[in-house]
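[1] Build me a model:
(chains A, B, C, D, E and F)
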6 protein chains.
Amino acid sequence: MFYHRKELQFHAKPDRPDPVYAKKLQEILGGQFGEISVAMQYLFQGWNARGDEKYKDLIMDTGTEELGHIEMISTMIARLLDDAPVKEQEKAAENPVIESILGGMNPHHAIVSGLGAMPENSTGVPWNAGYIVASGNLVSDMRANLNAESQGRLQVARLYEMTDDSGVRKMLSFLLARDTMHQNQWIAALKELEEKYGTTVPGTVPAEWEATEFSYDLMNFSDGEDSKKGSWASGKTPDGKGEFGYVQEPKAHGGKQELKPAPYYAHGTPPVEK
Amino acid sequence: MFYHRKELQFHAKPDRPDPVYAKKLQEILGGQFGEISVAMQYLFQGWNARGDEKYKDLIMDTGTEELGHIEMISTMIARLLDDAPVKEQEKAAENPVIESILGGMNPHHAIVSGLGAMPENSTGVPWNAGYIVASGNLVSDMRANLNAESQGRLQVARLYEMTDDSGVRKMLSFLLARDTMHQNQWIAALKELEEKYGTTVPGTVPAEWEATEFSYDLMNFSDGEDSKKGSWASGKTPDGKGEFGYVQEPKAHGGKQELKPAPYYAHGTPPVEK
Amino acid sequence: MFYHRKELQFHAKPDRPDPVYAKKLQEILGGQFGEISVAMQYLFQGWNARGDEKYKDLIMDTGTEELGHIEMISTMIARLLDDAPVKEQEKAAENPVIESILGGMNPHHAIVSGLGAMPENSTGVPWNAGYIVASGNLVSDMRANLNAESQGRLQVARLYEMTDDSGVRKMLSFLLARDTMHQNQWIAALKELEEKYGTTVPGTVPAEWEATEFSYDLMNFSDGEDSKKGSWASGKTPDGKGEFGYVQEPKAHGGKQELKPAPYYAHGTPPVEK
Amino acid sequence: MFYHRKELQFHAKPDRPDPVYAKKLQEILGGQFGEISVAMQYLFQGWNARGDEKYKDLIMDTGTEELGHIEMISTMIARLLDDAPVKEQEKAAENPVIESILGGMNPHHAIVSGLGAMPENSTGVPWNAGYIVASGNLVSDMRANLNAESQGRLQVARLYEMTDDSGVRKMLSFLLARDTMHQNQWIAALKELEEKYGTTVPGTVPAEWEATEFSYDLMNFSDGEDSKKGSWASGKTPDGKGEFGYVQEPKAHGGKQELKPAPYYAHGTPPVEK
Amino acid sequence: MFYHRKELQFHAKPDRPDPVYAKKLQEILGGQFGEISVAMQYLFQGWNARGDEKYKDLIMDTGTEELGHIEMISTMIARLLDDAPVKEQEKAAENPVIESILGGMNPHHAIVSGLGAMPENSTGVPWNAGYIVASGNLVSDMRANLNAESQGRLQVARLYEMTDDSGVRKMLSFLLARDTMHQNQWIAALKELEEKYGTTVPGTVPAEWEATEFSYDLMNFSDGEDSKKGSWASGKTPDGKGEFGYVQEPKAHGGKQELKPAPYYAHGTPPVEK
Amino acid sequence: MFYHRKELQFHAKPDRPDPVYAKKLQEILGGQFGEISVAMQYLFQGWNARGDEKYKDLIMDTGTEELGHIEMISTMIARLLDDAPVKEQEKAAENPVIESILGGMNPHHAIVSGLGAMPENSTGVPWNAGYIVASGNLVSDMRANLNAESQGRLQVARLYEMTDDSGVRKMLSFLLARDTMHQNQWIAALKELEEKYGTTVPGTVPAEWEATEFSYDLMNFSDGEDSKKGSWASGKTPDGKGEFGYVQEPKAHGGKQELKPAPYYAHGTPPVEK
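    Coordinates of the predicted model:
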């Protein structure tokens, strides 16, 4: 069960209107690695967690914080839209800067939300739940989380470069900091979990299920042998169970890719007699 | 540029038809973490890589291999559909096992592809590119890759549990092995890269951009303090730059979430006078 | 900013496992009118609200409550999946009831989430933000809200019919009650707002913008005249500004639907000379 | 069965080309509340209607009219694209107004449709049927319809503000008028239906299915008590069956959100012994 | 502008309820090549047609007919759902045939549409406009149309195989016939158009735009030379302008796939100095 | 199984940066008829092909080539983004050309991919597999392929018009050529196949399944009789089995579109007594 407090977690006031930047900021609200994604990903992971209260609580702490980040960025977007020009009048058309704002902003901000944030990314594609993951396996989900916070902080850094509005940058400085924390916490949790359950996910697969002769070889499917120089092509494997190998010319083990003729009722070609 | 060889990388022959299982197997073909996802993710990462030939080659080797995995699983699905019952006749309706196959298989396998694989997941949702990531930052993309191979191997293990067909299990044993390799290689690459560029992505953010007073604190937004017991709530942070803290009662720093009244031309409520 | 409490708002314990019903229950979690939709719709409306604190607070109260409903239904789904059969073994295939469960459940529950809820609807389509609306106009958004709660309660009632599990029905009885409240509150709010701003949205359109000769006529585009018998075909209009009329044979006022030939650079047919 | 007449229902001729505005106009063609949505929504409601010929005819009249509106707006978009600049030549790049048109128009209008309308919204997202509703319950569907016409007319009003082309405005004046009618007719129909079937949808739920002690209370989940001042927090409820209450501190009734450990075959963490 | 007549174009009465088949029939209503697709594709082509009234009229005739087919199949689906079992009661669970119907039908038919058709395909994915094409080039659009009617008739034939309900088969026999006509008419139109505009679309590309040394060679990118035996590997080309060639070992002409290092502001790896 | 060679199939070097054009070029990479579509369509057709090695090899040759085209266009996009302005600084805002570039480029190119190609179309919508077709029937799939290459070459021609960058045009000249070949080869293959299997797909439908009295008539559903003048309204049909007819006033054969009242458990209106 949730409670809401009306104050924002951090400042979200731009110096001036900037509807084109508002469009771009949508990426970290409703994009693949935006705040809706991390909030929903963590909450579903938390609700689906079976056992291990310590991790579940960590996940719920963070998921709930992210709800507040959606709120913060939504507020910033709405404020960047205050006093945005929206009228495409003939005289506007003579002012190329206004004209380029009219063409460069997200039309939904004017037509659909009435100068508010939209639950969509920077190209106007609605957020969808195909972005998130909650697998019931904590090692693998912590990796998903570490990835999400890495991509997210990278996008915040790029957006920081793309404006010189000090109010916007202030909010982004907070998000950079929280993403630093979240990357660090997921790394710490991952370290604990990998020590318990192994680095290869899932750790519960019996050896006899696996064609282990293929478990540690890099296969050279792209010409050039630069990849042979890496730490992944020789030496002990990170899971401590094997030695990396390098296969210069990977072989086909599975025979020709061919299928039986289709039955008549499939109406394929060539048709089989009825 | 690519070349194709008609032999399969590994065996893909089931013991017997099983159209209901064919539906489930679609998950690792066209699902969020299926083979289309990893193939496309790695290829786009490789093509977008700027510099660092060693990593680029590793990524292209792996991406090209995954194209062969799409082929292998597609073949298996088509073969699982051989001799599938598709006619919903009155007499079939009297045989509950046949009836449950008719209701439990993916209708596309009968109606759309004519007993072939579909580029979609186990619930029949078409694959889409919103699943993948190629950010231009290798540390962060290696984390995406490690996550993808972890989720992927987890799903393969679950599918292994869900059948006792020895031919299907044979193919899955190969996929388990290759996913073991791919997890290990991304971990190895990640270790190299983190040593060079730091564990917090992106490593290029100047300290003065970040509100560092918020960079290492866990905030307790979900009641209970189980999360305080983890390695992420005290002690040195993995990036070696701070000490984890724990904030019992997180504060709001951003003032009230409120917006200016909408202008007349937004036609919101309350309306502002024209 | 949000806080989370670990107790559920209401009971969410089924009497027994039922993975096929778990699939169906996904509709009110991640479907068009599921709890994710109402939570996100209300929160975005609240954050985008400009002025009128009374309505904003009502919306935020309700949106925050709905977050707790997502949690409650997610929990129920996970519990319905406890002890679900997932192995498609030959002997299972001989038990038609087990076979029909294996074919009738959502494969994601076994393969992707590891017996947890998914952020998707009852056919396995991921939730997307194209379902929701936050327009900045309260009259129109209250209508969206009333619609959402009406469709939602209708679906809960149908799901109630589809099970006789007393634990599931208990939870549904709570959702029926809250949807009763939410329908009533949006009706009450709507009444207030319509009195202030008129029943035709938006109330701010000047009369001279509108081709008012077409504002109150029902046009008979489908043969038969049953529609003429309704209260919408004669008498005073609800907005108090007109009289309903009925146009037996609607006319075309706009001339022929034809376009200029395409320029050469469009490469259409017929091609225009360069 | 349908027949088509080649004349447009109303004028659709702009004064001059305006490809940037053509992009924006796509919202009311292929957006969430565009003409494709209302046409498809009403037609599916009509076809699915069981009984009540009077309402079915009204719905089919209106759905068929909306098909003509798709045609009208498509025509307008194609005409706004006549003589659009599409060549990105170096000299164009020196003219910032042309450059901003080239960047601000929908690329599909030049590349995909050859200067014709697209079945997509103003950000270029294809229309999808997840926008519409046809539930088989007329009270609830009339609310969906009233919402659709309210959101639609709001968007038309905003688009009217965004141009001063008298030809475009003429067409919009007709759409404003028809949306006025459609709002009024759905309100009239809703009034009739609510009198018959009650205001709480569906009216067929027996009292004993509902946890009625929760049916009329507003719960204060967002701090501040502004929402207590509304007509929804005290007094008789609109359905005439209860009294509104206000719960200052909402309670959790459902116990701790926790799940049983996952079985071994789910390969979650912590793993259960096999 | 459109008019609607309440009679169906053809019979749509099944012999008996069959909710599992109703799910499958959704494919030709709301699938990639279902009736919504062809109706919308033809109507958009007609509205976007520039000149050539003869073709435009043909397209509009057919698009308008397809609206009636949506109606016919929707009606059939609703009737197949009459008297469908929806209650998952303990005693039902003991009847494996009922159980397999409960698991095999589309849950939306019970929960969302109240026993009506849904605008979605046989796996429950909503129709979207990304399926259709209206390019402004008639040769290319006639090919799209011929493809659509071919895929559509193929699916109807497969669905015919999947039932022995004589009422359903009667309706399908009509659809088979109309798809025969539509394939024939598009072939006839295509023949006319290709004679005028050439077989290579678009016919308006000047020879000097094209690297014609690559215009007629089959390149052997998949091992084996079976493809060399076809009519496409030697002899005169269908466009009458060249001779087919066969390239045994295709060459790379474009140099190494490599990119410049990323600038600092992209925060990629390796990072460029600021 | 696939192998990758690092050289590009053809040149992909622009003369100068052009981020706005980079956005447009995405259409032929990740749009409905972009290179991802044709690669995936052909590969799935090849893998699903049952028998007929000659066609299967042709399809695999072409599908594999298209993988190289994805690579080529991705490289071009990345290079068009080199040295793109991304900073929205106040001084930039004073330069309208830079401002229009900032508003006109795809924000993902700066924020998400770090100056690399995205797997999405020119409006930023991710590629999805709902675009492609692999039906198991070669006649019908060759028509899909011919359509895809026709739409694709049309889009390339339009993009050629939209730039005067000689490096970009060079790459497009190669794509125009390959699309010429691909159109010609599919026409040649189609001719062979139609001779064997007939022009009406699928050729395996027995005459008694079809309501042949409707198989060759054009029905006049749109007013005006221009369509009567075409080769599709009289004379022998292309399949050689009938005579085209023209139905001036199409009739309804299917009786009134009406449904039985809904059962109580559907909670529709009007409600049926329990």
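
[2] what helix or strand is A:N184 on?
    Element membership for A:N184 (DSSP states H and E) is helix A:166-197.

[3] how about the helices of chain A, start to end?
    Ranges of helices within chain A are A:19-25, A:27-30, A:35-48, A:53-81, A:90-93, A:96-104, A:107-111, A:138-161, A:166-197, based on DSSP state H.

[4] domains of chain A?
    A:19-197, A:207-247 (automatic domain parsing).

[5] Do any residues in the helix holding A:N184 lie close to chain B?
    Yes: using C-beta under 8 Å from any C-beta of the partner chain, helix A:166-197 reaches chain B at A:169-170, A:172-174, A:176-178, A:180-181, A:183-185, A:187-189, A:191-192. From N, CA and C alone the C-beta is placed, and that goes for glycine too.

[6] correct me, but A:D141 touches A:V133?
    Yes: counting by C-beta atoms under 8 Å, A:V133 is a contact partner of A:D141 at 6.7 Å.

[7] And the two? Which one has more around it.
    A:D141 (33 against 26; other C-beta atoms under 10 Å in any protein chain shown).

[8] list the contacts for that one?
    A:Q45, A:V133, A:A134, A:S135 (C-beta atoms under 8 Å, 6 or more residues apart in numbering or on different chains).

[9] Could you tell me which of those belong to strands?
    Residues of these located in strands (DSSP state E): none.

[10] And the residue of chain A found nearest chain F, how close does it get to A:M171?
    For chain A and chain F, the shortest gap (C-beta to the nearest C-beta) falls at A:G104, measuring 1.9 Å. A:G104 sits 21 Å away from A:M171, going by C-beta to C-beta, to the nearest Å.

[11] Same question for A:P85.
    24 Å.

[12] Of these two, give the one with the bigger neighbour count.
    Shown here are A:P85 and A:M171; by other C-beta under 10 Å, A:M171 has more neighbours (26 against 18).

[13] Name whatever forms a beta bridge with A:E120.
    Beta-bridge pairing for A:E120 (DSSP bridges): A:P126.

[14] That one contacts A:G30, correct?
    Yes: with contacts counted by C-beta under 8 Å, A:E120 reaches A:G30, the gap being 4.5 Å.

[15] Residue of chain A closest to chain D, please.
    A:G103 (1.9 Å).

[16] number of nearby residues for that residue?
    A:G103: 25 neighbours (other C-beta under 10 Å).

[17] Show me just the buried residues among the residues of helix A:166-197 next to chain B.
    Among those, those buried by neighbour count (16 or more other C-beta atoms under 10 Å in any protein chain shown) are A:169-170, A:172-174, A:176-178, A:180-181, A:183-185, A:187-189, A:192.

[18] Let me know the pLDDT of the residue of chain A closest to chain F.
    With respect to pLDDT, A:G104 scores 94.

[19] tell me the contacts of it?
    For A:G104, the contacting residues are A:P19, A:V20, A:K23, D:S100, D:G103, D:G104, F:E99, F:S100, F:L102, F:G103, F:G104, by C-beta under 8 Å, 6+ apart.

[20] quick one, what contacts the spatially most central residue of chain A?
    The residue lying closest to the centre of chain A (C-alpha atoms, centre = their mean) is A:F33, at 3.2 Å. Residues in contact with A:F33 (C-beta under 8 Å, 6+ apart) are A:Y131, A:A148, A:Q151, A:G152, A:Q155, B:V133.

[21] Include pLDDT when you put the residues you listed into TSV, please.
    Shown next, in TSV, are the contacts of A:F33 (pLDDT from 0 to 100):
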residue	pLDDT
A:Y131	98
A:A148	98
A:Q151	98
A:G152	98
A:Q155	98
B:V133	97
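
[22] hmm, which two among those are most spread apart?
    Maximum pairwise distance in these, criterion C-beta to C-beta, is 13.4 Å, between A:Y131 and A:Q155.
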